[in-house]
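> With the sequence up front, the predicted model follows.
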Amino acid sequence: MKFTIFLLLFLCACLMIFAADAPKPSVIEGGNGVTLPSPPPTEAKPFTETVNGVTITDPYRWLEDPKSPATRDWIAAQMKYTEQYLGQVKIRPEIVKRLTELVRVETYSIPVEAGERYFFNKRLPEENQASIYVRKGLTGADVRLVDATKLSADQNTSVNIADVSKDGSLLVYGVREGGADEESVHLLDVNSGKEATEVLPKARYFSVSLTPDKQGIYYSKFEGKNSQVYLHRVGTTVSDDQHIFGGSFNGETFGPMELISAHVSENGRYLIVDVNHGVPPKRVDVYVKDLRSADAPIRPVIHGIDSRFVPLNYGDALYVLTDYQAEKYRIVRVQIADSAPEHWQTIVREGKDPISEFSIVGGKLFATGLHDVITETRIFDLDGKQVGKLTYPGMGAATSVYGREESHEGFYSFQSFNVPPTIYHYDVASAKAEVFAHPKVPFRSDEYEVKQVFLTSKDGTRVPMFIASKKGAKRDGKTPTLMFAYGGFNVNLTPVWNPEYAWWMEQGGFYAQPNLRGGGEYGEAWHKAGMFEKKQNVFDDFFAAAQYLIDNKYTGPQRLAIRGRSNGGLLMGVAMTQHPEMFGAIWCGYPLLDMARFQDFLVGRWWTTEYGSADNPQQFPYLLKYSPYQNVKPGVKYPAIMFNSGDADTRVDPLHARKMTALMQADTGSDRPILLHYETKAGHSAGVSIKQLVDDTADELAFLWNEVSQ
């Protein structure tokens, strides 16, 4: 086995080294008459190393250094090449115009109720960023508290509500630059409108929570290689902050794989500390400190169980969503004073459909889950008796009901591929819902339809897929079709509004979204079926979905465009290397592509609980088998590809996109364009300006549509 892998890698390495000598087309042929010269040349500097007894040669290791002058020059040349392509796409100005119309509408976030006030983010149509507002009473005037449009010249700085005091007099908010994960934390006196002089400096914060007396902030952040919890006292310097938790506890040491968060319970009685082991966590430990006693210790309430636990305090108990002894999740009540597992009380039992989130509002428990990937929310009393169910206006995605545990009201949102997000105000006592905010998007929802189909994967597994389009859209095997998928980290892909998909459907195209294994749509067993050595199931599900669209005459291979980002970017990398003949164009965003090295960069080690690690001799072979970067074959006719990343991605290192672009440009045997779209101010998280969002999305759509609509 080892010898076979070694031989294959040796041959691939030789081919990589000499790929540049292979004959290349003098003209690159894009769609609809777009032509380009050959890509900017990239020097191959083979670097050879041995990993778990296997020799691997990397011709573009030098592109891993983001700050070297050679890398910066290479990025500039690649972006110039990409701009040369985009400048020839005639439909791009039309895309920009229409996306601007779809995006530049007034938008709201779900409100936070505090002291008869409602706090939310709101963006006016002409603005590039959402600001933080407050409204007194449901029908009061909106007052801007934090103006995000004035925080930076390029308006790529965003704000978010981190916490609000129970009486609504103090706001804690975060400020993020571009799409980076890091942010700074600020305080604002709501009554006077004055900012506090102190600021928690820029960091990767996992939680920020006010103390009950408003004189302090508990926060957790990732610093160095570990998560730590601190208490900051208002009016003091950050250097004097008190360390609360992290490092080690009761003889247990917390390293880079333990992600710690801490928040104060709504009733002010407890500080609840969660320790997540990995991303997604294979185990969650829950600790509690009684804040009513200054000398009360932090003590474990749930500890040492290899399952996930999401706690919510009510009274002197924790209501906990867990997959412990319930792969589709259940909700249990744990008495803080007597937390032995044998004393837990099941409040909402595991059913045939998974529970994905829950909340307690107005003395009622709202359990939201999925039935064949369609949202449903059941309402229970706090002893587990079902007392109602929310209804939604069609096939779509809804949040749980958010609000104060003792309040009589809450808020939730509903959306679908053809329905922009609408926020509803929910009266707990009367069980009535009414619209709180609805964006006036110029889109005729009634002219479009969303349906769900089921297909059979390679091993016989039944896989669901949503398909959205204009009503009566033509199925002749030639219609441009866009497919998006993810398949990992227990993430549910539900029918959500996206102006990008709306534009595609307006052109007469189909939008498809399969729910691959690795997600959480059918519970933890569905997730586990796409982890570690079973990751190939995810890819096989995706290929089966593509084949379904082709077999059922929605589209043909040359008319099928696919997109994915992050873990979905890995999916795109596997799609282009395992079945390049199935697709006409691929957009690969913020991707993981070199699975032999991902764990060594940024926060990549967190994801070893999902993928495994090349450092592990037992896991290395299956990672290498599907790793896109190691499976590019010289001379294969690859489809048109656009890789997308940016300097501000502090989660998935942009080196993956850089190296893969160079390798694909050198090795492809086709005359289709291989492009890198690289932004110096864009990153993994949301937060860029509306202008940049429109421009970047227009670039993506212009590329995909141009390549599959010929």
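Yes, it's here.
> Stretch 294-313: how far from the chain's middle?
Relative to the centre of its chain, stretch 294-313 is centred 27 Å away, using C-alpha atoms, centre = their mean, to the nearest Å.
> Please apply the same query to stretch 625-639.
The answer for stretch 625-639 is 26 Å, by C-alpha atoms, centre = their mean.
> tell me which residues of it are tucked away?
Within stretch 625-639, the residues scored as buried using 16 or more other C-beta atoms under 10 Å are 626-632, 634, 638-639. Using the backbone N, CA and C atoms, a C-beta is placed for each residue, glycine as well.
> Rounded mean pLDDT for it, please.
Here stretch 625-639 scores 98 as its mean pLDDT.
> Then stretch 378-392?
97.
> Filter the buried residues of stretch 625-639 down to just the ones in helices.
The helices, defined by DSSP state H, take in Tyr626 from those.
> mind showing which ranges of this structure have poor pLDDT?
1-24, 681-686 (pLDDT under 70).
> which one's the longest strand in it?
strand 200-210 (DSSP state E).
> Work out the sheet partners of the helix or strand following that one and label each with its direction, please.
Sequence order places strand 216-223 as the next helix or strand after strand 200-210, per DSSP states H and E. With DSSP bridges as the test, strand 216-223 is paired with strand 200-210 (antiparallel), strand 226-233 (antiparallel).
> For strand 216-223, list the C-alpha coordinates in PDB.
In PDB, the C-alpha atoms belonging to strand 216-223 read as follows (Å, rounded to 0.1, in the frame of the first residue of the first chain):
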ATOM      1  CA  GLY A 216     -17.700  44.600  34.100                       C
ATOM      2  CA  ILE A 217     -17.500  42.500  30.900                       C
ATOM      3  CA  TYR A 218     -16.700  38.800  30.800                       C
ATOM      4  CA  TYR A 219     -15.000  38.000  27.600                       C
ATOM      5  CA  SER A 220     -13.300  35.000  26.000                       C
ATOM      6  CA  LYS A 221     -10.700  35.300  23.300                       C
ATOM      7  CA  PHE A 222      -8.200  33.200  21.400                       C
ATOM      8  CA  GLU A 223      -4.700  34.500  22.200                       C
END
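> and it, how far from the chain's centre?
23 Å.
> List the buried residues for that strand?
216-222.
> re the thing from before, got the buried residues of stretch 625-639 as JSON lines, with distance to Ser457 columns?
Formatted as JSON lines, the buried residues of stretch 625-639 follow (distance: C-beta to C-beta, whole Å):
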{"residue": "Tyr626", "distance to Ser457": "16"}
{"residue": "Ser627", "distance to Ser457": "22"}
{"residue": "Pro628", "distance to Ser457": "21"}
{"residue": "Tyr629", "distance to Ser457": "25"}
{"residue": "Gln630", "distance to Ser457": "25"}
{"residue": "Asn631", "distance to Ser457": "21"}
{"residue": "Val632", "distance to Ser457": "25"}
{"residue": "Pro634", "distance to Ser457": "30"}
{"residue": "Tyr638", "distance to Ser457": "24"}
{"residue": "Pro639", "distance to Ser457": "22"}
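> which strand residues sit across from Glu409 in the sheet?
Bridge pairing for Glu409 - DSSP bridges - gives Asp427.
> And it, how far from Glu113?
7 Å (C-beta to C-beta, to the nearest Å).
> Also Glu506?
In terms of C-beta to C-beta, Glu506 sits 37 Å off from Glu113.
> Ile244 too?
28 Å.
> ok, now Ile302?
29 Å.
> When those two are compared, which one has more neighbours?
Ile302 (25 against 20; other C-beta atoms under 10 Å).
> so who does that one touch?
284-286, 309, 311, 318, 320, 334, 339 (C-beta atoms under 8 Å, 6 or more residues apart in numbering).
> will you turn these into JSON lines that also has neighbour count?
What follows is these, written out as JSON lines (neighbours: other C-beta atoms under 10 Å):
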{"residue": "Val284", "neighbour count": "25"}
{"residue": "Asp285", "neighbour count": "22"}
{"residue": "Val286", "neighbour count": "21"}
{"residue": "Phe309", "neighbour count": "23"}
{"residue": "Pro311", "neighbour count": "24"}
{"residue": "Leu318", "neighbour count": "25"}
{"residue": "Val320", "neighbour count": "25"}
{"residue": "Val334", "neighbour count": "23"}
{"residue": "Ser339", "neighbour count": "19"}
